[in-house]
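Asks: predicted model follows, preceded by the sequence.
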Amino acid sequence: MDVSDPNVAEPSGESWSDAEMHAAMLARRDASNLDAEWRYHVLAAHLLDSTPRGIMYDAFGTDSNNVPREGLGISSHWVIPNASPWGTVKSVRFGAAAAPYFRTAVHELGHAMGLFHNTVDNGFMNTTDVIAASCAATFPACIQWSFAADDQKRLRHYPDVFVRPGGTAFGTASTTTPAISPTDLTMSLTFACRPMRNWMPWRHISRRSDVRRISTSERLRSTVCWRPRARRCSSTPATSANRATKTATPATSTAAAPPGSR
């Protein structure tokens, strides 16, 4: 993550509009090739016009550069209400409540990657107020620091154009479109091996042949053949007379054994 321009002046007061955040993104980010790397611009502003906590303002590509899902803004100076269900962070400035503040940034980044709100658990794509309501006394301790399983599957398996910045407009993908098949739970792979030939002449075996693993040992003048793709090894092409496998007889040493080696 690159951090730059720490004190960006508000163009029209403390609260930012979506258009102002988009203009700041275009003015301050460096150039990038979205075909080579994905970049998202995150603006931490004091307050936002359209929402109290955070927004992915660059949703539809209808702004000045017609490129969707590149930027998001989060509010640091919204004050969390002094009321239920805000648990242990009541009356705290949002930027000072580290857990829900960071969670909101990841939530908006999830929108920038095409994800919708998801209330199946207290993960990133649920909303902060719904999570707080599920644990009014202990919030933010009940935040789940992960995407829900179905959202993880979407991020892994959606076609690139539905996830990457500058792809399709937000809302093009949904919980059912595009279809993901097969799913992680049903996909399986089967590996099977079959011999490519019934026999393999030894003199025909080389590094370029279709038999990959053959090792030999000269100890006791025996030959060991490992045949993952051939049924037998032969020193000559197989004929009706020599198809039977021949076993080499180890040579017998005639040298006297040294004393004490018995």
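Replies: Great, that's in hand.

Asks: what sits against the closest residue to Thr175 other than its chain neighbours?
Replies: Leaving out its chain neighbours, the residue that sits closest to Thr175 by Cβ to Cβ, 6 or more residues apart in numbering is Phe116, at 6.7 Å. For glycine as for every other residue, the C-beta is placed from the backbone atoms N, C-alpha and C. Going by Cβ atoms under 8 Å, 6 or more residues apart in numbering, Phe116 touches 125, 174-175.

Asks: ditto for Asp63
Replies: 19, 22 are the contacts of Asp63 under Cβ under 8 Å, 6+ apart.

Asks: can we see that at 6 Å?
Replies: Contacts for Asp63 (Cβ atoms under 6 Å, 6 or more residues apart in numbering) come out as His22.

Asks: tell me the secondary structure at it.
Replies: Using DSSP: H, G, I helix; E, B strand; the rest coil, the structure places Asp63 in coil.

Asks: sorry, back to before: how close does the residue nearest to Thr175 sit to Glu10?
Replies: Distance of Phe116 to Glu10, given as Cβ to Cβ, to the nearest Å: 30 Å.

Asks: how about Asn126?
Replies: 30 Å.

Asks: between the two, tell me which one has more neighbours.
Replies: Asn126 (20 against 13; other Cβ atoms under 10 Å).

Asks: the more buried one and Gly110 touch, don't they?
Replies: No: using Cβ atoms under 6 Å, Asn126 makes no contact with Gly110, being 10.3 Å away.

Asks: poorly predicted segments of the stretch 151-262 of the chain, please.
Replies: Within the stretch 151-262 of the chain, the stretches with pLDDT under 70 are 181-189, 195-262.

Asks: kindly recompute the last result at 90.
Replies: Where the stretch 151-262 of the chain drops to pLDDT under 90, the residues are 153, 156-161, 166-168, 171-262.

Asks: which of the contacts of Phe116 fall in strands?
Replies: Using DSSP state E, no member of these sits in strands.

Asks: which secondary structure element contains Leu72?
Replies: strand 71-75 (DSSP states H and E).

Asks: only C-alpha atoms, please: export that strand in PDB.
Replies: Extracted in PDB, the C-alpha atoms of strand 71-75 (Å, rounded to 0.1, in the frame of the first residue of the first chain):
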ATOM      1  CA  GLY A  71     -11.900   4.500  -5.600                       C
ATOM      2  CA  LEU A  72     -13.500   4.600  -2.200                       C
ATOM      3  CA  GLY A  73     -13.700   7.000   0.700                       C
ATOM      4  CA  ILE A  74     -14.000   6.500   4.400                       C
ATOM      5  CA  SER A  75     -15.000   9.000   7.100                       C
END
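
Asks: tell me what it is packed against?
Replies: If contacts are counted by 3 or more Cβ pairs under 6 Å, 6 or more residues apart in numbering; DSSP states H and E, strand 71-75 sits against strand 41-45, strand 47-48, helix 98-112.
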